[in-house]
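Visitor: Pasting the sequence and the predicted coordinates here, then a few questions.
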Amino acid sequence: MINVRKSADRGLASLDWLHSHHSFSFADYHDPEQMGFGPLRVINEDQIQPGTGFGTHGHRDMEILSYVLEGELEHKDDIGNGSIIRPGEIQRMSAGTGIRHGESNPSIDVVNHFFQIWIIPAEVGIKPGYEQNKIPEGARHSKLCLIGSQDGRGASVTIHQDIELYSSILSPGDSVTHEISVGRGVWVQLASGIVELNRTPLVAGDGVSIVEEATVEIIASEKSEFLLFDVGI
C-alpha cells in the first residue's frame with residue numbers, strides 16, 4: 001500500500017526569518033491524521049534567513065537529526081558541542097535526559113535549506129549525545145547510502161531506535177530498489193527533482209509511506225535527491 005503526502009498538503013510556518021513545511025503535526029500545525037510514521041515523528045523542511053535561527057531551547061527524550069541540502073547550519077549546545085553542518089553531512093543529537101541547544105544560519109547572505117527530523121527513541125532517559133558524520137564522497141550517487149542506523153555501522157550516525165536512514169542522489173534515468181522486510185515500512189521524502197516510486201509520480205516536497213509491499217523502486221526523470229526511512233511499524 002502506497003500513500004502519498006503531497007508537498008502542498010503539508011503544514012506551513014512562514015515567518016520573517018523561517019520558512020518551514022511540516023510533513024507531520026508540529027508546533028501550531030496539528031492534524032490528527034498526520035502524527036508521524038512509526039517512530040518517525042517529525043520531518044520539517046526548513047529554510048532560515050541569513051544571520052538568524054532557532055534560539056537556545058530545551059528538549060528531552062528525542063533523537064533529532066539535521067540533513068543540509070543547501071547552505072550551512074550552525075549548531076551549539078550545553079554539552080560542549082559547536083559545529084557547522086554542510087551538504088554531504090548528517091548530524092544526530094540525542095536529547096535524552098535533557099539538552100539545551102540552538103541552530104542558526106551563519107551566512108551573511110545565503111538562505112539555507114535543510115531537513116529537521118525527529119525520531120522517538122526506543123528508550124527514554126539516555127545520556128544526551130551528539131554525532132556528526134561526513135557522507136563518503138560519491139556514496140549517494142545512483143545508489144542508496146546508509147547515513148543513520150541503530151548500530152551506527154559504516155559511516156552512519158547512531159540512532160537510538162530500530163530505524164535505518166538512507167540518502168540518494170539520482171541522475172535522470174537512474175533507479176534504486178530497496179527490499180522491505182515483513183513487519184517494516186518505508187517513508188520516502190523527496191528533497192528535489194521528479195521520480196516515480198513503484199510507478200507513482202512524485203515531485204519535490206512529496207513524501208510517501210509504503211507498507212505491505214515487498215520492494216520499493218525509485219526511478220528519476222531528472223536529477224533528484226531523497227531520504228528513505230526503513231522503520232519497524
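Guide: Cool, the structure landed.

Visitor: Show the pLDDT at Ile233.
Guide: We have a pLDDT of 87 for Ile233.

Visitor: count of neighbours near it?
Guide: Counted by other Cβ atoms under 10 Å, the residues lying close to Ile233 total 15. Every residue, glycine included, has its C-beta placed from N, CA and C.

Visitor: List the contacts of it.
Guide: Phe37, Gly38, Gly183, Arg184, Gly185, Val211 (Cβ atoms under 8 Å, 6 or more residues apart in numbering).

Visitor: Roughly how far does the third one sit from Gly38?
Guide: Relative to Gly38, Gly183 is positioned 11 Å away (criterion: Cβ to Cβ, to the nearest Å).

Visitor: Look at those two and report which has more neighbours.
Guide: The residue with more neighbours, out of Gly183 and Gly38, is Gly38; 21 against 8, by other Cβ under 10 Å.

Visitor: Give me the phi and psi for the more buried one.
Guide: phi 60, psi -130 (degrees, to the nearest 10).

Visitor: Contact partners for it?
Guide: Counting by Cβ under 8 Å, 6+ apart, Gly38 has contacts Ile163, Gly185, Val231, Gly232, Ile233.

Visitor: Please indicate which of the residues you listed are buried?
Guide: For these, a burial check counting by 16 or more other Cβ atoms under 10 Å picks out Ile163, Gly185, Val231.

Visitor: now the last one, nearest residue through space, not along the chain?
Guide: Distances taken as Cβ to Cβ, 6 or more residues apart in numbering put Gly38 closest to Val231, at 4.1 Å, once the chain neighbours are dropped.

Visitor: Likewise for the first one?
Guide: Nearest-residue entry for Ile163: Val231, 4.8 Å, with adjacent residues in sequence omitted and distances by Cβ to Cβ, 6+ apart.

Visitor: hang on, that neighbour in a strand?
Guide: Yes. Checked against DSSP: H, G, I helix; E, B strand; the rest coil, Val231 lies within a strand.

Visitor: partners of it in the sheet?
Guide: Val231 forms beta bridges with Ile163, Gly185, as assigned by DSSP bridges.

Visitor: Identify the residues contacting the nearest residue to Ile135 once chain neighbours are set aside.
Guide: Using Cβ to Cβ, 6+ apart and skipping residues adjacent in sequence, the residue nearest Ile135 is Gly88, 5.2 Å away. Gly88 is in contact with Lys134, Ile135, Glu137, counting by Cβ under 8 Å, 6+ apart.

Visitor: Show the contacting residues for the first one.
Guide: Read it as Lys134. Counting by Cβ under 8 Å, 6+ apart, Lys134 has contacts Gly88, Glu89, Ala155.

Visitor: Specify the beta-bridge partners of it.
Guide: Note on Lys134: beta-bridge partners by DSSP bridges are Glu89.

Visitor: gap between it and Ala155?
Guide: Relative to Ala155, Lys134 is positioned 7 Å away (Cβ to Cβ).

Visitor: And the second one, by the same measure?
Guide: Noted for Ile135: a distance of 6 Å to Ala155, by Cβ to Cβ.

Visitor: Am I right that Phe37 is in contact with Ser209?
Guide: Yes. With contact defined as Cβ atoms under 8 Å, Phe37 counts as touching Ser209 (5.5 Å).

Visitor: Excluding chain neighbours, give the residue nearest to His178 in space.
Guide: Closest residue to His178 apart from its sequence neighbours, by Cβ to Cβ, 6+ apart: Val216 at 5.0 Å.
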